[in-house]
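In: Sequence plus the predicted model coming up.
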Amino acid sequence: MAHQTEFTAELLDYVTKVSLRDDPILAELRELTNALPGGTSLQVMAEEAQLLALLVQLTNATTVLEIGTYTGYSALCMARALPADGHLVTLDINPKWIEVATPYWQRAGVADRIEPIVGDATATLERLRTDRGEETFDLVFIDGDKAGYPSYYESALHLVRPGGLIVLDNTLFFGRVIDRSAQDNDTQAIRTLNTSLRTDDRIDLSLLVMADGITLARKRRQHPGTPR
């Protein structure tokens, strides 16, 4: 019982049936996304988005930062979990995705909680640190281009409050992290970050064997060697 259960397609279907709380807006947005080129691989799975919403609630988050909007599914789920006066900032380089997402945010009644920013994520993150200050977010969700993950993570550590949570998606990267023949920039960036996180004494760490790998990094409240 101490070992990892093998999750067959049938078992995963069972998990969905007994745990996923769905609604027509979410289902419609997933269907639209899945029909896009590459949509099935880029889409955050429904169960993961539900987990993100739960993490927002568990951390009592009122401010959330998302790096990588895509069609806005995860932003919608996290914004729903925020209090009425909560605020979610979501970054993407392509304005097309904001146009796709906005009607769904409006239908769900959370558009007023979501602030989309279009542009280069690295530059935007630096601007957020300057304009809004450090340690101003309760939770950061990283799901942008994988080559940028190491840089995004460092920015997130500055922007999230002590005790806040950083969530990184795709940290198993379709299994490519253990494929020695995979030497592309995206895979190598994920490998490098995964290795560095294990010894990063600024955080508490867990890599969840769910979806494509979800890493939870909680920013420690104190410096190493002192109570947390």
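Out: That came through, no problem. Numbers count the residues shown, from 1 in each chain.

In: low pLDDT regions in this protein?
Out: Scanning the chain with the threshold set as pLDDT under 70 gives 1-2, 223-228.

In: which residues in it form helices?
Out: 9-19, 24-34, 39-42, 46-58, 73-81, 95-107, 121-132, 149-159, 185-198 (DSSP state H).

In: for the residue nearest to the spatial centre of the chain, which residues make a bridge with it?
Out: Among the residues of the chain, residue 141 comes closest to the average C-alpha position under Cα atoms, centre = their mean, at 3.1 Å. The residues listed as beta-bridge partners of residue 141 by DSSP bridges are residue 66, residue 167.

In: Residue numbering should commence at 114 henceforth.
Out: Will do, 114 is the new start, and the previous item becomes residue 254.

In: Hmm, it is touching residue 186, no?
Out: No: under the criterion of Cβ atoms under 8 Å, residue 254 makes no contact with residue 186, lying 11.7 Å away. Every residue, glycine included, has its C-beta placed from N, CA and C.

In: List the residues that contact residue 141.
Out: Contact criterion Cβ atoms under 8 Å, 6 or more residues apart in numbering gives residue 217 as the residues in contact with residue 141.

In: how close does it get to residue 303?
Out: With distances taken as Cβ to Cβ, to the nearest Å, residue 141 is found 31 Å from residue 303.

In: How about residue 281?
Out: If you go by Cβ to Cβ, the gap between residue 281 and residue 303 works out to 9 Å.

In: same question, residue 237
Out: For residue 237, the distance to residue 303 under the criterion Cβ to Cβ works out to 21 Å.

In: Show me which of those two is the more surrounded one.
Out: Under the criterion of other Cβ atoms under 10 Å, the comparison of residue 237 against residue 303 puts residue 303 first, with 24 against 19.

In: Could you report the neighbour count for the nearest residue to that one once chain neighbours are set aside?
Out: Sequence neighbours aside, residue 286 is the residue nearest to residue 303 in space, at 4.8 Å (criterion: Cβ to Cβ, 6 or more residues apart in numbering). As a burial measure, residue 286 scores 22 neighbours (other Cβ under 10 Å).

In: mind listing what residue 286 touches?
Out: Shown here is residue 286, whose contacts under the criterion Cβ under 8 Å, 6+ apart are 259, 299-300, 303, 325-326.

In: Only the buried subset of these, as a PyMOL command please.
Out: Applied in PyMOL, the following selects the buried portion of the contacts of residue 286 according to 16 or more other Cβ atoms under 10 Å:
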select buried, resi 259+299+300+303+326
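
In: Distance to residue 232 added to the contacts of residue 286, as TSV?
Out: Converted to TSV, the contacts of residue 286 look like this (distance: Cβ to Cβ, whole Å):
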residue	distance to residue 232
259	19
299	21
300	26
303	23
325	26
326	27
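
In: Show me the two of the contacts of residue 286 that sit farthest apart.
Out: 299 and 326 (13.5 Å; Cβ to Cβ).

In: coming back round to it: residues contacting the residue nearest to the centre of the chain?
Out: With contact set as Cβ under 8 Å, 6+ apart, residue 254 has these partners: 165, 177-180, 187, 191, 280, 282.

In: For these, pick the one with the most neighbours.
Out: Top of the contacts of residue 254 by neighbour number is residue 177, holding 30 neighbours under the definition other Cβ under 10 Å.

In: hang on, residue 321 packs against residue 327?
Out: Yes: assessed by Cβ under 8 Å, residue 321 is found in contact with residue 327 at 4.4 Å.

In: Many thanks, have a good one.
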